[in-house]
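Novice: Next come a sequence and a model predicted from it.
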Amino acid sequence: MMQISDSYNQKNSLFNAMNRFIGAVNNMDQTVMVPSLLRDVPLDEEEEVKTISPIRTASNGSTTYFQDGDMYNYYVLLKSIRNDIEWGVLQADDRRKEKMGVTALDISRIESDDDDLEKQFHYYLTGLHTVLSKLTRKANTLTNRYNQEIGIRGCGL
């Protein structure tokens, strides 16, 4: 009885969710040989490519723009998130803080809201798990759509 419960909990662990996401993005990366073919192709067949909006500002000050529904931008976004998970975002955050002159003392004052750390932890853990699951589905969908597009284009050549 305990083994069944443990295996279920392990299946839904954050570690396994991250591994599933990284595996899906690695599969996507290996499948997509020509990323430029993804430009202006909607991720979902019934959706159109939508508006352009900024998604992140790099440490060098440049802004990356995300075109909703465009498979190429999902591809770039998913790879970027995978790299952040694998290599960490701490280095980029540290460089940004150094440029802004934020010290560890300032950070500790900002983060001094320690009223209920367990509640905060569970809240963010649940959110992270949900986001990773959605991103994993996006990576798998992108891989499948790319295969469909290549199959359709391959027959027409």
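Specialist: Structure received. Residues are numbered from 1 along each chain as shown.

Novice: what's the neighbour count on residue 151?
Specialist: The tally of other residues near residue 151 (other C-beta atoms under 10 Å) stands at 10. (Glycine included, C-beta is placed from N, CA and C.)

Novice: Next: residue 15.
Specialist: By other C-beta under 10 Å, the residues close to residue 15 number 8.

Novice: change the start of the numbering to 8 and stick with it
Specialist: Sure, I'll start numbering at 8, so the last one becomes residue 22.

Novice: Distance check, it against residue 134.
Specialist: 16 Å (C-beta to C-beta, to the nearest Å).

Novice: same question, residue 38
Specialist: 29 Å.

Novice: do the same with residue 127
Specialist: 11 Å.

Novice: cool, residue 81 as well?
Specialist: 20 Å.

Novice: More neighbours: which of these two?
Specialist: In this view residue 81 and residue 134 are compared by other C-beta under 10 Å, and residue 81 has more residues nearby, 24 against 10.

Novice: and the more buried one, what does it touch?
Specialist: Residues near residue 81 by C-beta atoms under 8 Å, 6 or more residues apart in numbering: 45, 50, 145, 149.

Novice: With residue 77 instead?
Specialist: With C-beta under 8 Å, 6+ apart, residue 77 has these contacts: 45-50, 56.

Novice: I'd like to know which of these is nearest to residue 28.
Specialist: Checking the contacts of residue 77 against residue 28 with C-beta to C-beta, the nearest one is residue 50 at 16.3 Å.

Novice: Can you list phi and psi of the closest one for me?
Specialist: phi -70, psi -50 (degrees, to the nearest 10).

Novice: Can you give me the pLDDT of the spatially closest residue to residue 21 that is not a sequence neighbour?
Specialist: Take residue 21 and drop its neighbours on the chain: the residue closest to it by C-beta to C-beta, 6 or more residues apart in numbering is residue 136, 5.8 Å away. Note for residue 136: predicted pLDDT of 94.
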